[in-house]
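Enquirer: Model the structure of this input:
(chains A, B, C and D)
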There are 2 protein chains.
Amino acid sequence: MSDLPRPRKSDVARDRILAAARRIFSEEGYEGTTIRAIAATASINPAMVMRYYGSKEGLFAAVANLDFRVAPLAGVPVAELGEALVRHVMALWENPRDGVVLAAMMRASISNESARERIVAQFSEQIAGLFSAIGPTAAPAAPFIATQILGLAMARYIWRIPAIVALPKDLVVTRIGKTVQRYLTDISA
Amino acid sequence: MSDLPRPRKSDVARDRILAAARRIFSEEGYEGTTIRAIAATASINPAMVMRYYGSKEGLFAAVANLDFRVAPLAGVPVAELGEALVRHVMALWENPRDGVVLAAMMRASISNESARERIVAQFSEQIAGLFSAIGPTAAPAAPFIATQILGLAMARYIWRIPAIVALPKDLVVTRIGKTVQRYLTDISA
DNA sequence: GTCTATAATTCGATAGAC
DNA sequence: GTCTATCGAATTATAGAC
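Expert: Below you'll find the model as predicted:
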């Protein structure tokens, strides 16, 4: 009855491989992840992983596509952007699917040079796009905001430093949001 | 003529192993580092590395000892602590020896769970020591300051994001120093 | 103390039957 | 499309000669 084509069996297999790859890359980093472990998690023969994605690098490239989904932030009044940005980033990290991808990319970018280059490029591009959408005066603030946001993500979601994990989400949004807001609007803050 | 005992040959070998280990762990991460690569760099037989340090984990433990050298900061007036802390951290990272150790620990902490636990514990302990030395009112600010400082270090020294590497050091000290200062003194900043 | 030789695994990737 | 079998290389770690 549906107009959608019934998913081929191989598509299902591909998706299961991708889901497993996301999770294991995010937990073990690039070198720590094995094709065999991904195949086992996906209940699929390791040779099929190679057939579908060609190589370990190819599989990672299929998983690692940075998307901050910053479009909704374009409509936020400038005066509220600081908190909105922090809240958005935290929601992204705490979303099961997005958080796993972000963690995978961060981990891989730290142990693998070619992954680092691709990810830094994607990150810089998206950040530049966001801040040029906000307005030309915001651009110089971008690198400072990036350090604050990246540090929050690393400390809370990658290293899981107890004192930082323990902070209530609302308090994080308020205080770090205020810092971001100041970078954004106070020319010398 | 010196009262110091002449270094035994094995001590020289140990030091060369440690120096090589620091560099390679910092560049390749834990998984990406091999005993063989360390031995080759140190011009020493791989079996000797095992003999001296027992295992790859043992060698990493000998290298990975976090020391932020925060003692000098205790004498800084509270009003200047923000900038002083940022300047101190940047000097640490840009010092060839300390920077390599910090990078090694950060990289390893991301690909190896036991390394992560040890490093997070050491980090938390030193941060807590520093802020309790500053004063009891500073303690609640510690986690926020940690996110800002960690983010700066990751972005500038690990990911080497071009827009952030390009920032003049003085500007970083001034603006991020101001953020740290505000976390420190403004109760609700 | 030093080194050779190698054990025991594990990895990514491939060949080829079905 | 799927899977078995395996290759070739690399890894940590050990045994034991010198």
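
Enquirer: C-terminal to the lowest-mean-pLDDT helix or strand in chain A, what's the next element?
Expert: The weakest-scoring helix or strand in chain A, judged by mean pLDDT, DSSP states H and E, is helix A:113-134 (a mean of 88). Of the helices and strands lying after helix A:113-134 in sequence (DSSP states H and E), the nearest is helix A:142-153.

Enquirer: Can you name the element that comes right after that following helix?
Expert: Remark: after helix A:142-153, the chain's next helix or strand is helix A:162-165, criterion DSSP H and E.

Enquirer: List the buried residues for the next helix or strand after that following helix?
Expert: Toward the C-terminus, helix A:162-165 is succeeded by helix A:169-185 as the next helix or strand (DSSP H and E). Neighbour counts over helix A:169-185 (16 or more other Cβ atoms under 10 Å in any protein chain shown) mark A:V172, A:V173, A:R175, A:I176, A:G177, A:K178, A:T179, A:V180, A:Q181, A:R182, A:Y183, A:L184 as buried. (Glycine included, C-beta is placed from N, CA and C.)

Enquirer: can you check stretch A:38-57 too?
Expert: Quick answer for stretch A:38-57 (16+ other Cβ under 10 Å): A:I38, A:A39, A:A42, A:I44, A:V49, A:Y52, A:Y53, A:K56.

Enquirer: Could I have the CA atoms of it written out in PDB?
Expert: This file holds the C-alpha atoms of stretch A:38-57, laid out as PDB (Å, rounded to 0.1, in the frame of the first residue of the first chain):
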ATOM      1  CA  ILE A  38      31.300  -3.700  14.700                       C
ATOM      2  CA  ALA A  39      30.300  -6.800  12.700                       C
ATOM      3  CA  ALA A  40      29.600  -8.800  15.900                       C
ATOM      4  CA  THR A  41      27.500  -6.000  17.400                       C
ATOM      5  CA  ALA A  42      25.500  -5.800  14.100                       C
ATOM      6  CA  SER A  43      25.300  -9.600  13.900                       C
ATOM      7  CA  ILE A  44      26.800  -9.500  10.500                       C
ATOM      8  CA  ASN A  45      29.700 -11.100   8.900                       C
ATOM      9  CA  PRO A  46      32.900  -9.000   9.000                       C
ATOM     10  CA  ALA A  47      33.400  -9.600   5.300                       C
ATOM     11  CA  MET A  48      30.100  -7.800   4.600                       C
ATOM     12  CA  VAL A  49      31.300  -4.700   6.400                       C
ATOM     13  CA  MET A  50      34.200  -4.600   4.000                       C
ATOM     14  CA  ARG A  51      32.000  -5.200   1.000                       C
ATOM     15  CA  TYR A  52      29.600  -2.400   1.900                       C
ATOM     16  CA  TYR A  53      32.100   0.200   3.000                       C
ATOM     17  CA  GLY A  54      35.400  -0.800   1.400                       C
ATOM     18  CA  SER A  55      37.600  -0.100   4.300                       C
ATOM     19  CA  LYS A  56      37.700   1.000   7.900                       C
ATOM     20  CA  GLU A  57      38.300   4.500   6.800                       C
END
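
Enquirer: can you tell if that stretch touches DNA strand C?
Expert: Yes - using Cβ under 7 Å from any atom of the strand, stretch A:38-57 reaches DNA strand C at A:P46, A:A47, A:M50, A:S55, A:K56, A:E57.

Enquirer: could you give the angle of the one helix or strand A:D11 maps to to helix B:113-134?
Expert: Following DSSP H and E, one finds A:D11 within helix A:9-32. Between helix A:9-32 and helix B:113-134, the angle comes out at 60 degrees (axes from the mean of the first three to the mean of the last three Cα atoms, to 10 degrees).

Enquirer: which helices and strands sit right next to helix A:9-32?
Expert: For helix A:9-32, the elements it packs on are helix A:35-41, helix A:46-53, helix A:56-63, helix A:96-111, helix B:9-32, helix B:96-111, judged by 3 or more Cβ pairs under 8 Å, 6 or more residues apart in numbering or on different chains; DSSP states H and E.
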